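**Student:** take this sequence and fold it.
(one chain, ligands or ions: 2)
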Amino acid sequence: MSATSYVQSVYTQVQRRNADEPEFLAAVKEMFDSLIPYFEKHPEQIGEGLLERVVEPERLIHFRVAWVDDSGKVQVNRGFRVQFNSALGPYKGGLRLHPSVNASIIKFLGFEQVFKNALTTLPMGGGKGGSDFDPKGKSDGEVMRFCQAFMSELQRHIGADIDVPAGDIGVGGREIGYLYGYYKKIRDIHTQGVFTGKGLGYGGSLVRTQATGYGLVYFVERMLQDVQMELRNKTVVVSGSGNVAIYAIEKAQQLGAKVLACSDSEGYILDHNGINLDIVKELKEVKRGRIKEYLDHVPTASFHPGSMDIWSIPCDIALPCATQGELDGKSARLLIDNGCKVVAEGANMPTTLEATELFLKNHVFFGPGKAANAGGVATSGLEMSQNSLRLSWTFEEVDAKLKEIMSKIYDNAKRTAEAFDDPMNLVLGANIAGFEKVAMAMKAQGIL
Ligand code: NDP
Ligand code: 2IT
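**Tutor:** Ligands and ions are numbered 1, 2, ... in the order given. The predicted model follows:
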């Protein structure tokens, strides 16, 4: 059987079994397209059942989360945890709280996490979880009661050597505190390694808050070196204004770039003088407000409703850091026509398959999320190491390790792309390198 017919036949089966899961199918399609050259080079791996196994989660947990809102009304949400692959270590991956969460989204995120975690070089399997609970507009008390109800079920499935959750969209320091606190209460045990992204006072790691955004920019620095560019004086557009976006902006500014715009789900702000990050942090991290309120502080900036239009702004570098599918073919075309040179994914699958294809064809250097946003989970891995050692490393120590890991991820993806005669295709490089590591561990561990 040829590599193409093998990969296509497994994909057809995946389509049939997951027909109503478009996000999961898109993540699998991107991965599988990259693996045709791998199986052409390694025909001996066809027939080992590797693809068939790697697309099937080891376990998918779906549960009811019932809680009482401030008006005394009973609310019911859906909770999920996918334990996708444990070949390399305990399941590891964040929890997302957003009304769009469903099995397809959790499975696409869990699938991507498996290969991303493999690329970090740290011993972590892949998982993901979350709920369709919407934290927006909820009181602290409501968020706490939801988190406690969610954890009352999740606690039976997690553990420092089993499955280690962390944050994602809608889950930051406040939520992790409530989740971890309730785990400790009902299990009556202080196992710090059961959660990452914890507060610094109870087992958290320095740099974890900044890690995804900083790591993304460290990765972009390595990309720029290869196209004889540097960040200094470059114009950058960052979508989103949450955890990843804020610290991507911070690091890009520290390295001399000018960040022109950022967004939330209602629209984007454009500030030709460069975004004032202190104002964004105050609005988003403290007041939990809307990005358009930036104009109350900087009247010379402008607000534009419709978040996807952010990609019409001419820039050298685009960093999508909000959510899946936020940069489509039309947006990619605009970026290309306006001379954008580098795009790197801070979010998970923000760029549609069509947009990714356009970037690759038009020689826009493209950093795929599995590699470019792996700094968050890598630093979660470093938090787990510190918890095991019962030690805390300094900010400088963790930051240096993060930078080194991002550099290794870049080298691995680039080297692999070169070995497959497509040297600027980091999608191919990251997918093959991540897959090979997981697949070889699965093979060594027998048919499971
Ligand atoms: P946050 O919840 O902190 O922020 C999400 C941001 O994205 C908010 O500004 C939100 O705006 C915005 N957003 C959501 N939907 C849209 C949309 N349709 N259009 C424009 N903006 C939108 O999440 P994170 O920053 O943690 O996560 C962002 C992305 O990065 C996600 O894809 C996540 O999976 C990924 N990621 C996160 C990591 C982490 O460590 N946190 C690690 C690696 C990847 P609003 O408030 O209006 O909803
Ligand atoms: O998508 C991701 O890599 C994350 N949300 C971080 C996961 C983690 O376990 O730190």
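**Student:** grab the most central residue of this structure for me.
**Tutor:** Residue closest to the average C-alpha location in the chain (Cα atoms, centre = their mean): residue 348, at 4.3 Å.
**Student:** what's the helix or strand for that residue?
**Tutor:** Remark: residue 348 resides in no helix or strand, with elements defined by DSSP states H and E.
**Student:** the residue of the chain found nearest ligand 1: how many residues sit nearby?
**Tutor:** Distances between the chain and ligand 1 by Cβ to the nearest ligand atom are smallest at residue 242, namely 1.7 Å. Bear in mind the C-beta positions are built from the backbone N, C-alpha and C, glycine included. Using other Cβ atoms under 10 Å, residue 242 has 23 other residues around it.
**Student:** repeat for residue 182
**Tutor:** The tally of other residues near residue 182 (other Cβ under 10 Å) stands at 19.
**Student:** so it makes contact with residue 152?
**Tutor:** Yes: between residue 182 and residue 152 there is a contact under Cβ atoms under 8 Å: 7.3 Å.
**Student:** what residues does stretch 403-422 touch?
**Tutor:** With Cβ atoms under 8 Å, 6 or more residues apart in numbering as the test, stretch 403-422 has contacts from 37-38, 41, 119-122, 215, 218-219, 222-223, 226, 368, 371, 374-375, 378, 423-426, 428-430, 432-433.
**Student:** quickly check: it near ligand 2 or not.
**Tutor:** No: Stretch 403-422 is not in contact with ligand 2 by Cβ under 6 Å from any ligand atom; minimum separation 12.5 Å.
**Student:** list the buried ones in that stretch?
**Tutor:** Buried residues in stretch 403-422, counted by 16 or more other Cβ atoms under 10 Å: 403, 405-406, 409-410, 412-414, 416-417, 420, 422.
**Student:** please apply the same query to stretch 185-198.
**Tutor:** Buried-residue list, stretch 185-198, by 16+ other Cβ under 10 Å: 191-198.
**Student:** stretch 272-289 too?
**Tutor:** Within stretch 272-289, the residues that count as buried by 16+ other Cβ under 10 Å are 275-277, 279-281, 283-284.
**Student:** ok, which stretches of the stretch 301-448 of the chain are helices?
**Tutor:** Using DSSP state H, counting those that start in this stretch, the helices of the stretch 301-448 of the chain run over 329-337, 353-361, 369-372, 375-389, 395-419, 426-444.
**Student:** and the pLDDT at residue 190?
**Tutor:** The per-residue pLDDT reported for residue 190 equals 87.
**Student:** cool, the one 10 residues further on as well?
**Tutor:** In the predicted model, residue 200 carries a pLDDT score of 97.
**Student:** nearest spatial neighbour of it, chain-adjacent residues omitted?
**Tutor:** Spatial nearest neighbour of residue 200, chain neighbours left out: residue 206 (6.8 Å); criterion: Cβ to Cβ, 6 or more residues apart in numbering.
**Student:** go on, residue 49?
**Tutor:** Residue 49 sits nearest to residue 447 (Cβ to Cβ, 6+ apart), 7.1 Å away.
**Student:** look up how far residue 13 lies from the one you found.
**Tutor:** From residue 447 across to residue 13, the span is 18 Å (Cβ to Cβ, to the nearest Å).
**Student:** who has more neighbours out of these two?
**Tutor:** A side-by-side neighbour count of residue 447 and residue 13, using other Cβ under 10 Å, places residue 13 first with 13 against 8.
**Student:** average pLDDT across the helix or strand containing the more buried one?
**Tutor:** Taking DSSP H and E as the definition, residue 13 sits inside helix 3-17. Per-residue pLDDT values across helix 3-17 average out to 98.
**Student:** residues contacting the helix or strand following it, please?
**Tutor:** Proceeding N to C from helix 3-17, the next assigned helix or strand is helix 22-41, under DSSP H and E. Residues from elsewhere that reach helix 22-41 (Cβ under 8 Å, 6+ apart): 2-4, 6-7, 10-11, 14-15, 18, 45-46, 51, 55, 103-105, 107-108, 111-112, 115, 324-325, 349, 352-353, 356, 420, 422, 427-428, 431-432, 435-436.
**Student:** ok, for the single nearest residue of the stretch 301-448 of the chain relative to ligand 2, nearest residue in space, not its chain neighbours?
**Tutor:** At 3.3 Å from ligand 2, residue 380 is the closest residue in the stretch 301-448 of the chain, using Cβ to the nearest ligand atom. In space, and not counting its chain neighbours, residue 380 is closest to residue 196: 3.7 Å by Cβ to Cβ, 6+ apart.
**Student:** could I get the contacting residues of the residue nearest to the centre of the chain?
**Tutor:** Residue 348 touches 108-109, 112, 324, 369, 373, counting by Cβ under 8 Å, 6+ apart.
**Student:** buried residues in stretch 199-213?
**Tutor:** Using 16+ other Cβ under 10 Å as the test for burial, stretch 199-213 gives 203-213.
**Student:** kindly report the same for stretch 434-448.
**Tutor:** Quick answer for stretch 434-448 (16+ other Cβ under 10 Å): 434-439, 441-442.
**Student:** how about those residues in CSV, adding pLDDT and distance to residue 89?
**Tutor:** Output for these, formatted as CSV (pLDDT from 0 to 100; distance: Cβ to Cβ, whole Å):
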residue, pLDDT, distance to residue 89
434, 98, 14
435, 98, 16
436, 98, 17
437, 98, 11
438, 98, 11
439, 98, 15
441, 98, 9
442, 98, 13
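**Student:** any idea which helix or strand carries residue 67?
**Tutor:** Here residue 67 is assigned to strand 59-68, by DSSP H and E.
**Student:** elements contacting that strand?
**Tutor:** Applying 3 or more Cβ pairs under 8 Å, 6 or more residues apart in numbering; DSSP states H and E, one finds that strand 59-68 contacts strand 74-85, helix 103-119, helix 140-154.
**Student:** whichever helix or strand comes after the first one to strand 74-85, inter-axis angle?
**Tutor:** Elements were assigned by DSSP H and E; along the chain past strand 74-85, the next helix or strand is strand 91-97. Here strand 91-97 points in a direction 150 degrees away from that of strand 74-85 (axes from the mean of the first three to the mean of the last three Cα atoms, to 10 degrees).
**Student:** averaged over its residues, what pLDDT does strand 91-97 have?
**Tutor:** For strand 91-97, the per-residue pLDDT values average out at 98.
**Student:** next to ligand 2, which bits of this protein? Give me the list.
**Tutor:** Checking the chain against ligand 2 by Cβ under 6 Å from any ligand atom, the hits are 92-94, 113, 116, 166, 168, 196, 348, 376-377, 380.
**Student:** now with 8 Å, please.
**Tutor:** 92-94, 96, 109, 112-113, 116-117, 124, 128, 164-168, 196-197, 208, 212, 348, 373-374, 376-377, 379-380 (Cβ under 8 Å from any ligand atom).
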